[in-house]
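Peer 1: sequence first, then the predicted structure, then my questions.
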Amino acid sequence: MKKKWLKRIGYTLAVLFVLLNVMAAFHAWKFTHFYTDGLKVKPPDEMNFIDKASAVFFGVSYPKSIVTDTLHEPHITVHFTTTDSLHLEAWYLTHPTDSLHQHKGTILVFHGHASCRSGVIRETEEFYRLGYDVLSTDFRAHGNSEGNTCTIGWNEIKDVKAAYDFIELKGEKQVVLYGVSLGGATILRAMNEYALAPEKVILEMPFGTLENAVEGRVKMMGLPPQPISGLLTFWGGTENGFWAFGFKPVEYAHSIKCPVLMQWGINDPRVSEAETDSIYVHLSSVNKKLVKYGNSGHQSLCKNEYDKWEREVAAFLAE
């Protein structure tokens, strides 16, 4: 009798384990893929029982982000290609080449997950008003760039490299890299992998490891972080051909030697203070500064606490 119950318990646990992995695999796939077929996501209060059950078991499909051009500064749309043959689209803002303007350099702007260059328009305009040329790029699978698969920074380093090469071919020698969340983490890995040498770097809310990033998202959903975040991390990497547990921006920080400004919101539910502090400590830069925003979360620090953001960024760029 005892052996029979042990067998039943064993079978039940095995079934639950398989079911949990199947669910994690579906959710990981949906999180790393965006769709362009006019897909509309229902808010939770509009979902019926079947919709909610489908979301729980199979994840939610998300549409690819849409570019809306509300830039007030003069700009053109440019295109360039990654080493894996994806065509990217970007806005390029340049100042007149005359004696009235002293060229300061070009800032490359990279947005966060599920966003696009429209999501960082305010930051783009502020950089331009500070006297810099700006290249704001849609990551692959975002905005008007090609692709539907986002690897949360693993392959996106090729996008950073493509943008960097595009500006270097223009003869630019004074490059600054700016990234928000996914953008910041991708910059850290891209600099480590390609030995990029910008003059300065501004990082806002980069995650410490990919598993940390997944854990932050799981917590926001009100779910226990483990074992869910571990399974999602495993399947997200496996489905997209890389070892996700090895993606650690906190370790790539060692290779960063140029001046760095790190910024983070104290109310951030996705990226913890411990992650932020750890990345900052691991930076090899002699000239580095960490600024924390008391009234912000995982959002645009420029929009939410503009005066402080403008003051800190302007001072850092002027050094």
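Peer 2: The structure has been received and is ready for your questions. Being a predicted model, the structure only gives us computed values, none of them experimental.

Peer 1: quote the end-to-end distance of stretch 194-201.
Peer 2: 15 Å (C-alpha to C-alpha, to the nearest Å).

Peer 1: quick one: buried residues of stretch 57-69?
Peer 2: Judged by neighbour count (16 or more other C-beta atoms under 10 Å), stretch 57-69 contains these buried residues: Gly59, Val60, Ser61, Lys64, Ser65, Val67. Where C-beta positions appear, they are placed from N, C-alpha and C, glycine not excepted.

Peer 1: any chance of the residues you listed in a markdown table, with distance to Ala197 too?
Peer 2: A markdown table is the format used below for the buried residues of stretch 57-69 (distance: C-beta to C-beta, whole Å):
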| residue | distance to Ala197 |
| --- | --- |
| Gly59 | 40 |
| Val60 | 40 |
| Ser61 | 40 |
| Lys64 | 33 |
| Ser65 | 30 |
| Val67 | 30 |
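
Peer 1: identify the residue nearest Thr209 in space, chain neighbours excluded?
Peer 2: Lys248 (4.6 Å; C-beta to C-beta, 6 or more residues apart in numbering).

Peer 1: relative to Glu168, which of the buried residues of stretch 57-69 is nearest.
Peer 2: Val67 (24.8 Å; C-beta to C-beta).

Peer 1: which ones are touching that closest one?
Peer 2: Neighbouring residues of Val67 by C-beta atoms under 8 Å, 6 or more residues apart in numbering: Glu89, Cys116, Arg117, Ser118, Asp138, Gly143, Asn144.

Peer 1: just checking, the fourth one is part of a helix?
Peer 2: Think Ser118. Yes - secondary structure assignment (DSSP: H, G, I helix; E, B strand; the rest coil) places Ser118 inside a helix.

Peer 1: what's the neighbour count on it?
Peer 2: 21 (other C-beta atoms under 10 Å).

Peer 1: then the last one?
Peer 2: For Asn144, the tally of surrounding residues (other C-beta under 10 Å) stands at 18.

Peer 1: residues in contact with it?
Peer 2: Val67, Glu89, Cys116, Asp138.

Peer 1: try it again at 10 Å.
Peer 2: Contacts here follow C-beta atoms under 10 Å, 6 or more residues apart in numbering; on that basis Asn144 touches 64-67, 77, 79, 87-90, 116-118, 138.

Peer 1: please apply the same query to the fourth one.
Peer 2: For Ser118, the contact set (C-beta under 10 Å, 6+ apart) comprises 65-71, 91, 111, 124, 136, 138, 142-144.

Peer 1: what about the nearest residue to Thr151 once chain neighbours are set aside, distance to Ile157?
Peer 2: Of all residues not flanking Thr151 in the chain, Asn240 sits nearest, at 5.0 Å (C-beta to C-beta, 6+ apart). Going from Asn240 to Ile157 by C-beta to C-beta, to the nearest Å gives 14 Å.

Peer 1: now the common contact residues for those two.
Peer 2: Joint contacts of Asn240 and Ile157 (C-beta under 10 Å, 6+ apart) are Thr151.

Peer 1: sorry, back to before: correct me, but the residue nearest to Thr209 touches Pro206?
Peer 2: No - look at Lys248 against Pro206 with C-beta atoms under 10 Å: they stay out of range, at 11.2 Å.
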